[in-house]
Structure formats: structure tokens, C-alpha cells
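[1] Need coordinates for the following:
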Amino acid sequence: MGNFCEAIGAKDWTRQEKFATKALRLRNQQDLDELITRKTIQWTPHEITEILQRVKVAATPVMNIEEQYTDPIFVSEKPMWKFSIL
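    A predicted model of the protein is given here:
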């Protein structure tokens, strides 16, 4: 949790007793989700992905199908599969 918290400027969360262990974070998941939402709303999905990946936190934007087809990063990548319509 340390790298994540430091990356988003919330290092003080690591010192809160209710988030001290994985079990406590799960027990207090709603509180943690609300804090994360309030803190990360300031960035776009791509910005927060980049911020987190810089500190080795696995992250990727969550997108619907339309967003995937119009996203410049996804559009520029070579497709993994090629489909043809019969």
C-alpha cells in the first residue's frame, strides 16, 4: 500500500490503524474506496495509470468498448488478433 499511497500523495493513510493490514483494509474497504475516489478524481484515467506505473503499481484505465476503439493508445497499438467477417 505504501507505493500507491505515496504516488497519490496520501502517505498518511499508511499510518492509519484501520488500514494497517490487508485484513483491516478489507474490513474498511468502503472507507478506503471513498478516500481513493476523492483523491484520484483529479486525474484522468491515463494520468493516474502513468502515476501508479511509475512506482511499480500495476494499473490500467478501465474503459468501455467505445473508449477502447477511440483511445489513441489502443488505436496505435498493433492488434493481438485479426478478425475477418464472413
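[2] so which helix or strand takes in Asp33?
    Using DSSP states H and E, Asp33 sits in helix 29-40.
[3] what about the nearest residue to Arg27 once chain neighbours are set aside, how many neighbours?
    Once flanking residues are discounted, Arg27 sits nearest to Lys18: 7.6 Å by Cβ to Cβ, 6 or more residues apart in numbering. C-beta coordinates here come from the backbone N, C-alpha and C atoms, glycine included. Neighbourhood size, Lys18 [other Cβ atoms under 10 Å]: 12.
[4] got the contact list for Lys18?
    Contacts for Lys18 (Cβ atoms under 8 Å, 6 or more residues apart in numbering) come out as Leu24, Arg25, Arg27, Asn28, Asp31.
[5] Could you work out the end-to-end span of stretch 19-34 for me?
    Stretch 19-34 has an end-to-end distance of 13 Å (Cα to Cα, to the nearest Å).
[6] Mind putting the contacts of Lys18 into JSON lines with pLDDT?
    Listed next are the contacts of Lys18 as JSON lines, based on pLDDT from 0 to 100:
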{"residue": "Leu24", "pLDDT": "96"}
{"residue": "Arg25", "pLDDT": "95"}
{"residue": "Arg27", "pLDDT": "97"}
{"residue": "Asn28", "pLDDT": "97"}
{"residue": "Asp31", "pLDDT": "97"}
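[7] ok so, going back, may I see the buried residues of the helix holding Asp33?
    Using 16 or more other Cβ atoms under 10 Å as the burial criterion, the residues of helix 29-40 that qualify are Leu32, Leu35, Ile36, Thr40.
[8] where in this structure is pLDDT low?
    77-84, 86 (pLDDT under 70).
[9] Tally up the residues packed near the residue nearest to Asp12 when sequence neighbours are not counted, please.
    Using Cβ to Cβ, 6+ apart and skipping residues adjacent in sequence, the residue nearest Asp12 is Cys5, 7.8 Å away. As a burial measure, Cys5 scores 21 neighbours (other Cβ under 10 Å).
[10] Would you confirm that Cys5 contacts Thr14?
    Yes - in this structure, Cys5 is within contact of Thr14 by Cβ atoms under 8 Å, at 5.3 Å.
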